[in-house]
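Visitor: let's see this in three dimensions:
(one chain, ligands or ions: 2)
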Amino acid sequence: MERRNIVEKYIKELREKIKKYSDYYYTNNESLISDVEFDKLLVELKELEEKYPEYKEKNSPTEIVGATSLKETKFQKVAHKKPMLSLSNSYNEGDISDFIERVKKLLPEEKNLAYALELKLDGLSLSIQYEEGKLVRAVTRGDGTVGEDVTENILEIESIPKILKEKVSIEIRGEVVLPLSKFEELNKKRMENGEEVFANPRNAAAGTLRQLDSSIIKERGLDAYFYFLVDAQNYGVKTHSESIEYLAKLGIKTTGVCEVLKNSSELISRIEYWGEKRESLDYETDGMVIKVDNIELWDKLGNTTKSPRWAIAFKFPAKQVTTKILGVTWQVGRTGKVTPVAELEEVELSGSRVKRASLHNYQEIERKDIRIGDSVFIEKAAEIIPQVVKAVKELRDGNEIIIKEPTHCPICNTKVEREEGQVDIRCPNISCPGKIEGELIYFVSRDAMNIAGFGSKIVENMLRLGFIKNIVDIYELKNHREELEKLEKMGKKSVDNLLTAIENSKTREYSKVLCALGIPFVGKTSAKLLADSSGNIDKLMSMSVEELMEIEGIGDKMAQAIFDFFRDEEKKKLIEGLKAHGLTFIQERKEELPAEEKVFTGKTFLFTGTLQNFTRNEIKEEIEKLGGKNLSAVSKNLDYLIVGEKAGSKLKKAQELGTVKIITEEEFMKICGKKS
Ligand SMILES: NC(=O)c1ccc[n+]([C@@H]2O[C@H](COP(=O)([O-])OP(=O)(O)OC[C@H]3O[C@@H](n4cnc5c(N)ncnc54)[C@H](O)[C@@H]3O)[C@@H](O)[C@H]2O)c1
Ligand SMILES: [Zn+2]
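Guide: Ligands and ions are numbered 1, 2, ... in the order given. Alright, predicted model coming up:
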């Protein structure tokens with residue numbers, strides 16, 4: 001085939017693929033691929049159409065807003081008085097500066113340009129008309145020109161006023177969303193009922209709004225926020241930000257976030273702030289929207305076929321992508337719990353490459369009907385390992401394999417057990433190498449004994465070679481020095497380092513050792529509580545469940561687990577062994593400094609960014625030791641902000657307040673006498 005024909009064919013196929021996904025998305029309120037992948041296809045098409053304008057097409061998805069066809073709608077179709085457009089997207093700081101430059105170039109005479117910055121809610125857009133203050137009609141965006149009349153359903157959304165505080169005739173636009181708390185509730189219920197879960201809150205919101213039984217809307221708790229007043233200049237406002245204030249005055253719900261900023265660096269800094277802050281909101285945001293604030297300038301800037309030139313969306317990195325499940329590995333953890341892990345076709349997710357994701361337990365696999373070979377949505381919540389959200393059943397070709405729950409431990413082949421009423425299965429073998437490996441990895445980890453250089457690969461090797469059979473053996477490794485040095489990739493230097501790190505760990509404080517023991521439910525915080533209140537391990541081992549429960553922060557479940565742990569003969573042996581090697585089992589009383597040395601008495605502190613000489617806990621302890629108090633946020637009560645590298649929004653806020661003393665880590669060390 002000729003090159004031209006190949007290109008033409010490719011463009012056509014790409015268009016069809018996008019149309020297929022888009023139709024499915026707008027008709028069924030569900031996605032066959034993630035938005036990231038969808039947007040990538042769209043960008044690719046756009047670039048090809050620009051490079052080969054001869055293949056441009058009027059109704060290409062690059063030129064169309066939203067739904068490609070409203071043919072199948074069950075709702076009455078209504079034409080919009082003013083089209084509902086989309087927004088052009090940006091993904092990085094450069095795109096924002098480009099947008100600002102473009103605006104400036106189109107408006108060379110404007111000296112005082114300002115921009116309104118808003119949250120970009122991830123729901124579905126809606127237009128509502130009020131006549132004389134009464135809600136008369138609500139319409140979805142549809143294809144931008146014609147939408148669906150969903151008035152009856154909208155009346156069930158409690159936060160949308162049916163009557164405004166003033167008798168005005170207006171049209172407003174906003175986003176219908178399902179609050180995150182409601183979304184989780186809904187998906188949990190659906191999973192329990194064996195129904196298909198929604199991939200994300202937006203699909204759930206769209207699926208809820210665009211169905212005919214309006215009573216479900218109230219039940220699921222749909223909500224809506226508004227961000228636009230059509231023809232705002234007719235209501236005596238000059239700027240977009242004023243129009244949002246006006247909406248609020250009429251009793252219309254807005255996000256309350258509409259910040260007026262002057263240039264790209266201000267915008268970027270606030271976008272950074274909201275990028276963190278959005279994690280604590282009860283609705284999903286997929287970015288921020290930047291709008292030229294002065295409404296008079298909008299006509300001068302105009303629109304493209306798809307979006308206005310006076311606004312741009314900044315997209316946050318996606319939390320959700322689609323990929324394929326290649327297989328399932330069953331892992332044995334330190335408690336003996338056997339859990340499934342999905343092996344994935346590698347994808348990028350929030351900046352890192354992902355190959356594995358958690359499947360939680362067999363019940364969840366069954367309820368979500370996830371199979372090997374499935375296309376799946378995976379997702380990363382703040383800092384947690386990726387999870388498999390759902391399988392895309394529409395893309396199955398019949399070769400998918402149903403996942404089976406193991407009857408025997410994948411490591412030691414002992415028959416697994418399930419406790420009455422529990423979902424998890426466990427390997428009951430106390431010497432299961434899988435379990436011991438988990439215990440060892442946990443023992444040497446950061447929050448526990450923190451033995452540097454003792455990674456999971458080394459643990460695995462030591463177990464395989466038989467140098468270690470249990471935790472106590474770690475402290476006997478020095479007897480294998482010569483054999484260790486002969487190992488591949490080890491060498492004398494790294495063996496030295498490892499053995500020194502092991503010796504040094506004997507001085508780790510009592511609470512760290514307690515944490516490292518791996519008592520069920522006891523993490524580093526509760527280990528600290530236990531260490532502080534017991535003073536030494538003999539006392540702790542002798543405490544009754546009731547006595548344990550009297551310790552603040554220790555509940556009945558944990559108290560029982562601690563009690564049982566110390567009654568286990570194997571565990572007693574372990575503690576004896578560790579004692580014999582000289583590990584710390586007594587709480588060292590913190591020496592109180594005399595009052596005159598507490599140089600920070602009455603002062604408050606906060607730190608931000610990465611510090612060079614302290615961990616987060618160390619600096620807090622240092623501050624407290626010297627009589628100071630740690631605060632968790634910048635406020636008028638803050639005396640000092642210690643800034644490390646890459647300081648973020650806290651620094652900005654402190655600078656704005658103007659009352660906070662901002663010091664570097666070096667300066668802090670000088671004040672507390674750590675440096676001359
Ligand atoms: N996964 C799929 O198969 C699939 C298929 C089609 C579309 N999609 C996704 O749907 C989206 C469709 O794009 P789109 O045209 O709706 O653009 P968009 O969602 O990226 O941006 C435009 C929309 O943002 C909304 N918005 C939220 N807050 C706003 C604010 N403060 N001011 C103005 N608008 C605000 C409005 O509803 C507006 O229509 C994309 O994210 C795309 O990935 C996915
Ligand atoms: Zn086992």
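
Visitor: kindly report the residues of the stretch 351-500 of the chain close to ligand 2.
Guide: For the stretch 351-500 of the chain, the residues found near ligand 2 under the criterion CB under 5 Å from the ion are 409, 411-412, 414, 427, 429, 432. C-betas here are computed from N, CA, C, even on glycine.

Visitor: let's see 8 Å
Guide: Taking CB under 8 Å from the ion as the test, the list of the stretch 351-500 of the chain residues beside ligand 2 reads 409-414, 416, 427, 429, 432-435.

Visitor: among these, name the ones in helices.
Guide: When DSSP state H is applied, these are split such that 433-435 fall in helices.

Visitor: ranking these by neighbours, who comes first?
Guide: Most neighbours among these, by other CB atoms under 10 Å: residue 435, with 24 neighbours.

Visitor: looking at it, that one is touching residue 331, isn't it?
Guide: No: using CB atoms under 8 Å, residue 435 is not in contact with residue 331, being 10.7 Å away.

Visitor: one step back: for the ones in helices among the residues of the stretch 351-500 of the chain next to ligand 2, which one is nearest ligand 1?
Guide: Proximity of those to ligand 1 was ranked by CB to the nearest ligand atom; the top entry is residue 434 with 38.7 Å.

Visitor: mind listing what the closest one touches?
Guide: Going by CB atoms under 8 Å, 6 or more residues apart in numbering, residue 434 touches 331-333, 409-412, 427.

Visitor: most neighbours among these, which one?
Guide: Taking other CB under 10 Å to define a neighbour, the member of the contacts of residue 434 with the most is residue 427, carrying 26 neighbours.

Visitor: residue 269 contacts residue 652, correct?
Guide: Yes: between residue 269 and residue 652 there is a contact under CB under 8 Å: 5.8 Å.

Visitor: those two: which is more packed in?
Guide: Each of residue 269 and residue 652 has its neighbours counted (other CB under 10 Å); residue 652 has more, 17 against 14.

Visitor: which element is that one on?
Guide: Counting by DSSP states H and E, the secondary-structure element that holds residue 652 is helix 649-657.

Visitor: can you give the domain ranges for the protein?
Guide: As given by the TED database, the domain ranges for the chain are 1-63, 86-313, 318-400, 431-579, 593-670.

Visitor: which one of these lies nearest to residue 75?
Guide: domain 86-313 (3.7 Å; CB to CB).

Visitor: and the closest one with ligand 1, contact?
Guide: Yes: contact of domain 86-313 with ligand 1 (CB under 6 Å from any ligand atom) involves 86-87, 89, 118, 120-121, 125, 141, 175, 227, 289, 313.

Visitor: centre of the chain to that domain, how far?
Guide: Between the centre of domain 86-313 and the centre of its host chain there is 22 Å, according to CA atoms, centre = their mean, to the nearest Å.

Visitor: what about it, start to end distance?
Guide: Start and end residues of domain 86-313 are separated by 9 Å (CA to CA, to the nearest Å).

Visitor: rounded mean pLDDT for that domain, please.
Guide: Per-region confidence: domain 86-313 scores 95 on mean pLDDT.

Visitor: low-confidence ranges, the stretch 301-450 of the chain, go.
Guide: Judged by pLDDT under 70, the stretch 301-450 of the chain has its weakly predicted residues at 382-383.

Visitor: strands along that one, start to end?
Guide: 311-315, 320-332, 337-349, 352-358, 371-372, 375-379, 387-391, 401-402, 417-418, 425-426 (DSSP state E, counting those that start in this stretch).

Visitor: residues making contact with stretch 474-490?
Guide: With CB under 8 Å, 6+ apart as the criterion, stretch 474-490 contacts 440, 443-444, 451, 454, 461-462, 465, 467-468, 491-492, 495, 498-499, 502-503, 506, 578, 581.

Visitor: quick one on the thing from earlier: ok, of the residues of domain 86-313 next to ligand 1, which one's closest to residue 36?
Guide: Set against residue 36, the nearest of the residues of domain 86-313 next to ligand 1 by CB to CB is residue 89 (11.4 Å).

Visitor: how near is that closest one to residue 437?
Guide: 46 Å (CB to CB, to the nearest Å).

Visitor: higher neighbour count, these two?
Guide: Regarding residue 89 and residue 437, a neighbour count based on other CB under 10 Å identifies residue 437 as having more, with 22 against 15.

Visitor: residue 460 is in contact with the more buried one, correct?
Guide: Yes: here residue 437 lies in contact with residue 460, judged by CB under 8 Å, at a distance of 6.5 Å.

Visitor: out of the domains of the chain, nearest to residue 80?
Guide: Smallest distance to residue 80 across the domains of the chain (CB to CB): 6.1 Å, for domain 86-313.

Visitor: count the neighbours of residue 4 for me.
Guide: Counted by other CB under 10 Å, the residues lying close to residue 4 total 11.

Visitor: alright, I will stop here.
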